[in-house]
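In: No letters, just coordinates:
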């Protein structure tokens, strides 16, 4: 009756991450409802949530629910497959532009450790 794998995944996510967890869990639930039920549950987010992020020698790897985005120290961005673009901080959020499509994310400490400011 219950989706124990999904429940366990959410519980592990809450334990592992300490950033705005309520927003993350809400985002996950809304997105999964859209994926699983479709129709009236459609949820194309205006602002994406970083599920987790990891700093490496080139910049930051951002893990979203359905994708991985690579943010470079020189403000370049890639989805690792074919889309390329750039990224920048915008107040308490950051924006990734890949092939003329903008993705806005809520604050992430690791991303904000780099100096890619809003273009003037």
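Out: Done, it's in. What you see is a predicted model, and the numbers here were worked out from it, not measured in a lab. Residues are numbered from 1 along each chain as shown.
In: mind listing the helices for this structure?
Out: 4-16, 21-37 (DSSP state H).
In: Out of these, which gets the lowest mean score?
Out: Mean pLDDT values for the helices of the chain show the minimum at helix 21-37, a mean of 62.
In: Counting neighbours, what do you get for the nearest residue to residue 68 once chain neighbours are set aside?
Out: Here the nearest residue to residue 68 in space, its sequence neighbours aside, is residue 80; by Cβ to Cβ, 6 or more residues apart in numbering that works out to 5.9 Å. All C-beta spots, glycine's among them, are computed from the backbone N, C-alpha and C. Neighbour count of residue 80, defined by other Cβ atoms under 10 Å: 11.
In: what's the answer for the one 4 residues further on, then?
Out: By the other Cβ under 10 Å criterion, the neighbourhood of residue 84 contains 14 residues.
In: any idea how this structure splits into domains?
Out: For the chain, automatic domain parsing gives the domain ranges 4-41, 52-113.
In: And the residue minimising distance to the centre of the chain, what's its pLDDT?
Out: The chain has residue 50 as the residue nearest its centroid, 3.1 Å off, counting by Cα atoms, centre = their mean. Residue 50 carries a pLDDT value of 84.
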